[in-house]
Structure formats: structure tokens, C-alpha cells
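Enquirer: Kindly generate the corresponding structure for this input.
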Amino acid sequence: TFLPNRQTCHYVRIGHSLNEAESQLVANRRATVQQCLQQHNITCSDEVPIIAVVAAGGGERAMIALLGSLSQMSEEELLDCIMYLGGDSGSTWCMASVYKEPDWSKQMETVKQNIIKRLNYGNVTCSEQYKKLAKMCGKDNFSVTDIWSVFPVSGIVKEIDDHVITEQRGQYTNDPYPIYTVIDKQCKHNTLYKDTWFEITPDECGYSLTGAFVDTKCFGSRFEKGAKTEEHPEIDMLYLQELKSDGSALIVCFNFILSDFWKVIAKCIEKVSQWDWGTTYNFLYKMKADDVHTSILKSKTRQYEDTGLLINSPYLSILRKERNVDLIISLDFNSGVQFETVDQVAQMSKVLQIPFPTVEHPGNTEELEDFYVFKNNPNAPVVIHMPLFNAMNCKGEVKMWENKYTTFQLAYSEDMISNLLEKAGLNIKNTKEKLLKEIEEVIQRKEN
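Expert: Residues are numbered from 1 along each chain as shown. Okay, the predicted model is just below:
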């Protein structure tokens, strides 16, 4: 077992405790949370609640809806009471954008306007996309993930983001701690659900429930028996966004010919034919770890893919016992079957013996409310479930709004972006007092 810090990032850590950087941020942010709650006349002494926002996926719909939700939280002076922000799939496109700005939560309106401006008027040329793809082709683990990130994803988010996640270290001391989630494809197929959930933070990444981690700066490098043997460049944010995208088809259009054009095309065709997604060197290769399934330890590489292909929300990483989360605000950006995600989490938690409240709801209905609370398990966090489109903000037109904002479509128009930001913001504005009431009850429960 190795302690992950800046001096020992060449080693793997086997253990369930939080890494030092996350522990320090949580400790420091308690004062911010306490002060925020005091502004709402909520006293919590030393029993500061750990509140997490989990944002579901859903392509650009999820990206914009999360942006609108965070913006409204800022306006309602609620953002500072959030300790963790977890996302998967399209919601992480928003997270990748806001966390590029140091202390973004203190300048939320400016950050939001800059992102909207980019989505409305930004442009990534075919030449820029091709150059990025040609560079990615040189990687040992080039896969369909690289192709998808360069073409559909960069075209939707209107940028090729070459930043790496470790650049966020030390820049988010006044912001919620970010947790990006993916799943281990092989573990999912083998129904090894404890080993399936994989988290990525600016400081450390690894298997949330198994307790096997490596410094994020080394993720993608070669490891053997717990030590780094060959260094590879850290994955950039464009690739990270694709690991959590909702891709189901590949649309590639080349309008030009360069000297190595056909080599790149041949490599792309090969990977698409193999349907090879998210291949990464396995930092647990040849390790000895009792809690990790042997099939992982024997594998030189692993394939990571969108969390939405199992459960379209980052609940399981947030529910990691060591995070001691008291209240989860679930922003459900799914479309289609209502409550599907929270039902799946409840079932998965039961299988994995993770405390979670019993989920009871009215089912799939046009009379969907904007605020549901599940809190009948004293050993589990309280869960607030907030559907994006509901009877309160859609006025009886839920299906119409769902059909307008589908997951698999090209970049939204300026009007679509503006309207979706408004709908997401209304959910926070309309439920502010209910949310504060639940926070107050959580504090009372902790004190008792």
C-alpha cells in the first residue's frame, strides 16, 4: 500500500481512505458550507452536512441543464453549501468547461456567459479536427473513443480541449470537489459490479468501491506490480469528455486530403471494425490486491466507457463510504422512462450492500413533480430527486420538451440553449425553500 502524494505518484495505492488532497479540501470547505447555511438562518455548529450534487448524462441536454442548474444555485446563494459535484456523460462536458476557470463558483455568471458564447458562436474546423485525430493515431491505445471525441464531441462543445485534469489542482479551493465517473467495460459485462465503478478526480483516479487508486497524472502510463514502468502523457479533457459521452453512432466527414490522410483513415476503420472503446493501460497489472478481482489484475489494459451504459448517474462513486455524504441532490437529465436511474441505483445498492433509502414514486407520469425526497433509511443519505422536465416548469407539456431535446442530435440552436437554461434554472428556483428545509432536517438528524 502506498500513500498517494506528489512525491509517490509513480505507485498504486490499495486502500479505501480518501486521498490527502481531497480530505484537505473537504476539511477546508466545511467553513464555507457553514457560512452559506448561516446566510439562510440555518445553524449547524460543528455538524456540517456533506451535500453532493449528482448530475445525470444526456449529451448536450445534460451539459446545458447542469450549467443552468449551477447558475441558479449561485443566484439563490446555494452553491456554497455543496461539497461534491459528480457527473457522467454529457454533464461532465459542463464540468470540464466550468472547472477550467479557477474558483469558478465565485464568478458563475461570467463563466456561464463565456460557455454560452462558445456554444453559440464557436467553431472547430475540419482541419483542426483532423490534426488532433492524426496526433491521437500515434498513441499505443488509439481507439474509437479518440475518433468520437474529435468529431461529434468537439463539434458539439465547440472546442478541442487540450487541458489535462491535473491542471485543476489547487484551482478549485473555493469550489465543490469534482468527481468524474466512468465504468470498467469488462467488469460490467462480467457483472462484477463492485469492480465496475471508476472515478477520476484532479488528484487521484481508480475503482471507487474496490479501493484501488493511482495519481491522476499517471493514469494512462504503464504499471506492473504497483509501480510505473513506462510513462505516457496524461489524457486530456477532450478524451475524458468522450469517455463519458453518449455515442451510439459514428459520423465522420473529411473534406480534404493530406499526406498521411489514408493512414489515419485506415487506422480509424480498423478500430471501428473492432469496436474498441476507451483502451487504457491497467495500473493494477500483476498486482496483489485481495479486494480486486483476479481478472483485472491479470489484464494489461482495461476499457473504460460511459457510465450511462449501466446507470446514467455518478451515484455509486458519490456513495463511497469514506465520503460520508449526508444529502444527495440528484439532477436527473434523462429523457424517457421516469425514475429509471434512481430505481437502478436502489437495486444496485442493495446488491452491493450500500445503504440507500427505499425508493417509492408514482411511476412514469405526465404529472411529474419537480422535487421528490427519499429518506426512510437512517443509515443512508437523504436523496432529493429532481427531474429536468416536469409539470411545474413545463405546464403539462413534458413530452413535448423531452421530444425537443433528444440525446442524439447535433448542436443546439441559440434559442434551444436559452430555453433549456431557463427550464433547468426554474427547477432550482422553485424548490429552494424545500431544499433548505431538507438540509435543516439532515443537520438535526446528524446532531441527534
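
Enquirer: going forward, measure contacts between C-alpha atoms and count neighbours the same way
Expert: OK.

Enquirer: quick one: the helices in the stretch 101-250 of the chain?
Expert: 108-121, 126-136, 144-148, 154-157, 185-189, 193-196, 237-243 (DSSP state H, counting those that start in this stretch).

Enquirer: Tell me which of the ones you listed lies nearest to residue 300.
Expert: helix 185-189 (12.6 Å; C-alpha to C-alpha).

Enquirer: taking the mean pLDDT, what do you get for the closest one?
Expert: Confidence over helix 185-189 (mean pLDDT, whole number) is 93.

Enquirer: cool, stretch 320-327 as well?
Expert: Averaging pLDDT along stretch 320-327 gives 97.

Enquirer: Then stretch 57-71?
Expert: 95.

Enquirer: Report the distance from it to the chain centre.
Expert: 11 Å (C-alpha atoms, centre = their mean, to the nearest Å).

Enquirer: Same check on stretch 32-52?
Expert: 25 Å.

Enquirer: What of stretch 295-304?
Expert: Counting by C-alpha atoms, centre = their mean, stretch 295-304 is centred 22 Å from the centre of its parent chain.

Enquirer: Name the surrounding residues that touch it.
Expert: With contacts defined as C-alpha atoms under 8 Å, 6 or more residues apart in numbering, stretch 295-304 is touched by 182-186, 243, 277-282, 284-288.

Enquirer: same thing but at 10 Å, please
Expert: Contact with stretch 295-304 is made by 141, 143, 145, 181-188, 190, 195-198, 220, 222-225, 243-244, 276-289, as judged by C-alpha atoms under 10 Å, 6 or more residues apart in numbering.

Enquirer: And the buried ones among the residues you listed, selectable in ChimeraX?
Expert: Here is the ChimeraX command that selects only those of the contacts of stretch 295-304 that count as buried (16 or more other C-alpha atoms under 10 Å):
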select :141,143,145,181,182,183,184,185,186,187,188,195,196,197,198,220,222,223,224,243,244,277,278,279,280,281,282,283,284,285,286,287,289
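
Enquirer: With just CA atoms, put stretch 81-93 into CSV.
Expert: Only the C-alpha atoms of stretch 81-93 are listed here, as CSV (Å, rounded to 0.1, in the frame of the first residue of the first chain):
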residue,chain,number,x,y,z
CYS,A,81,-23.3,24.6,0.5
ILE,A,82,-22.3,21.9,-2.0
MET,A,83,-19.3,19.8,-1.1
TYR,A,84,-19.1,17.4,-4.1
LEU,A,85,-20.1,17.7,-7.7
GLY,A,86,-20.3,14.4,-9.6
GLY,A,87,-21.1,13.9,-13.2
ASP,A,88,-21.1,11.5,-16.0
SER,A,89,-21.6,11.6,-19.8
GLY,A,90,-22.9,15.0,-21.0
SER,A,91,-22.9,16.6,-17.6
THR,A,92,-19.1,16.3,-17.5
TRP,A,93,-18.9,18.4,-20.6
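
Enquirer: still on that earlier bit, can you say which of the helices of the stretch 101-250 of the chain is nearest to residue 420?
Expert: Of all these, helix 108-121 sits nearest to residue 420, with 11.7 Å by C-alpha to C-alpha.

Enquirer: Can you give the distance of the closest one from its chain's centre?
Expert: 20 Å.

Enquirer: what do you get for stretch 298-316?
Expert: Here stretch 298-316 is found 12 Å from its chain centre; the criterion is C-alpha atoms, centre = their mean.

Enquirer: What residues sit buried inside it?
Expert: Quick answer for stretch 298-316 (16+ other C-alpha under 10 Å): 300-316.

Enquirer: where does residue 123 land on pLDDT?
Expert: 85.

Enquirer: could you list every residue that touches the nearest residue to it once chain neighbours are set aside?
Expert: Spatially, and ignoring its direct neighbours in sequence, residue 123 is nearest to residue 158 (5.3 Å; C-alpha to C-alpha, 6 or more residues apart in numbering). Neighbouring residues of residue 158 by C-alpha under 10 Å, 6+ apart: 115, 118-125, 152, 411.

Enquirer: ok now the longest helix anywhere in the chain, how far from the chain's centre?
Expert: In the chain, with assignment by DSSP state H, the single longest helix is helix 20-39. Computed by C-alpha atoms, centre = their mean, the separation of helix 20-39 from the middle of its chain amounts to 21 Å.

Enquirer: Against which helices or strands is that helix packed?
Expert: strand 177-184, strand 204-207, helix 432-447 (3 or more C-alpha pairs under 10 Å, 6 or more residues apart in numbering; DSSP states H and E).

Enquirer: Restricting to C-alpha, output it in CSV.
Expert: Output of helix 20-39 as CSV, limited to C-alpha atoms (Å, rounded to 0.1, in the frame of the first residue of the first chain):
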residue,chain,number,x,y,z
GLU,A,20,-4.8,13.6,1.2
ALA,A,21,-5.8,16.4,-1.2
GLU,A,22,-9.5,15.5,-1.2
SER,A,23,-9.5,15.2,2.6
GLN,A,24,-7.9,18.6,3.0
LEU,A,25,-10.3,20.3,0.6
VAL,A,26,-13.3,18.8,2.4
ALA,A,27,-12.0,19.9,5.8
ASN,A,28,-11.4,23.5,4.5
ARG,A,29,-14.7,23.7,2.7
ARG,A,30,-16.7,23.0,5.9
ALA,A,31,-16.3,26.6,6.9
THR,A,32,-17.7,27.8,3.5
VAL,A,33,-20.7,25.4,3.8
GLN,A,34,-21.4,26.6,7.4
GLN,A,35,-21.2,30.2,6.4
CYS,A,36,-23.5,29.6,3.4
LEU,A,37,-26.1,27.9,5.6
GLN,A,38,-26.0,30.7,8.2
GLN,A,39,-27.0,33.2,5.4
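
Enquirer: Show me what the helix or strand following it is packed against.
Expert: Note on helix 20-39: by DSSP states H and E, the next helix or strand toward the C-terminus is strand 51-55. On a contact count with 3+ C-alpha pairs under 10 Å, 6+ apart, strand 51-55 meets helix 59-75, strand 84-87, helix 90-98, strand 177-184, helix 315-318, strand 327-332, strand 382-387.
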